[in-house]
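Peer 1: Predicted model and sequence follow; I will ask about them next.
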Amino acid sequence: MAEGDRRSRLRIGAIPGATPGKWANRWRERFPGVPLQVEYFDDVGLLERVRSGTVDVGYVRLREDAEEGLVDPELFHRVVLYREEPVVCASRDHWVAAAEQSVEWEEIAQEPLLDTADMRTGVTDAQEVAAAERIALEVVASGSGLLVLPNSVARMLSRKDVVIRQVEGLAGYDVGLCWRRDQDDEVIQEFIGVARGRRSGSGRSGLEEQDTQKKPVGKAAGKKPAAKRQAAGKRTSGSRPGTQRKNSPERGPRRGGSGRRRRG
């Protein structure tokens, strides 16, 4: 992007299981002048969408043991945000269901394992996100195999006839954000800062923030502290007009207070 140019909006490509809602809300509060658009896509092909400019910033989820160079550092910036654990999905009738929390990778490595890539035949972009994973889970529910998925994807697609267990001894997934080096600018940098927890008003922003912390002024703001103390003092120094203090009532003698009956 040419120096001095500023994009009029920011397009984010999210993946199944990702939850950018909190970041998006923070962005819209701080920078309402730059609209943020979030769209969901499958993991496969998202890097190409970043390359082609379909999205400005995209989520990228790679296995921890993935080969170096899958994300070309000459073309892309990449920031890893968190690591995600692998889980196995199995039919409720499968022996995996007997495990309370997790199974070892060696225990399931010889089982029939499904590959979502085999389920993508005939799947188009017009279909719902994670269509291949949904098809694979149909096969899992029938008892015809196991499916290893990132934990967030498995939870998102959970169903009553399929159990989910953690897999010990298997590499997890690094989830991060990726964008083109030649498209880097202050808008993208500010979004990366928001995603990484940068606070409002940190002084590192190149954009003008909307001050959402301003307090109302005038009558809506209420009385000043000194006025409040003065008003409180008036209330405690004496009773209100027409009222009497409960602890020390000033009453006259009761009629017939001697206790004797008046004879007629």
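Peer 2: Arrived safely, thanks for sending. Numbers count the residues shown, from 1 in each chain.
Peer 1: Next up, phi/psi of residue 69, please.
Peer 2: With angles defined as degrees, to the nearest 10, residue 69 sits at phi 100, psi -10.
Peer 1: dump the residue contacts of residue 108.
Peer 2: Shown in contact with residue 108 (CB atoms under 8 Å, 6 or more residues apart in numbering): 88, 96, 146, 167. All C-beta spots, glycine's among them, are computed from the backbone N, C-alpha and C.
Peer 1: change it to 6 Å
Peer 2: Contact analysis of residue 108 by CB atoms under 6 Å, 6 or more residues apart in numbering lists 88, 146.
Peer 1: Show the model's pLDDT score for it.
Peer 2: Residue 108 is assigned a predicted lDDT (pLDDT) of 97.
Peer 1: can you map out the helices along the stretch 101-250 of the chain?
Peer 2: 105-108, 131-141, 151-156, 186-195, 225-237 (DSSP state H, counting those that start in this stretch).
Peer 1: Ok, which of those comes nearest residue 73?
Peer 2: helix 186-195 (16.1 Å; CB to CB).
Peer 1: mind listing what's buried in that closest one?
Peer 2: Neighbour-count burial for helix 186-195, with 16 or more other CB atoms under 10 Å as criterion, is recorded at 187-192, 194-195.
Peer 1: if we can go back for a sec, mind putting the helices of the stretch 101-250 of the chain into JSON lines with distance to residue 7?
Peer 2: JSON lines is the format used below for these (distance: least, CB to CB, whole Å):
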{"stretch": "helix 105-108", "distance to residue 7": "44"}
{"stretch": "helix 131-141", "distance to residue 7": "31"}
{"stretch": "helix 151-156", "distance to residue 7": "29"}
{"stretch": "helix 186-195", "distance to residue 7": "5"}
{"stretch": "helix 225-237", "distance to residue 7": "45"}
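Peer 1: how about low-confidence regions in the stretch 51-200 of the chain?
Peer 2: 122-127 (pLDDT under 70).
Peer 1: in it, which spans are strands?
Peer 2: 57-63, 76-84, 86-91, 102-104, 147-150, 162-168, 173-180 (DSSP state E, counting those that start in this stretch).
Peer 1: Now tabulate those in CSV and tack on mean neighbour count.
Peer 2: Shown next, in CSV, are the strands of the stretch 51-200 of the chain (neighbours: other CB atoms under 10 Å):
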stretch, mean neighbour count
strand 57-63, 22
strand 76-84, 15
strand 86-91, 23
strand 102-104, 17
strand 147-150, 22
strand 162-168, 18
strand 173-180, 21
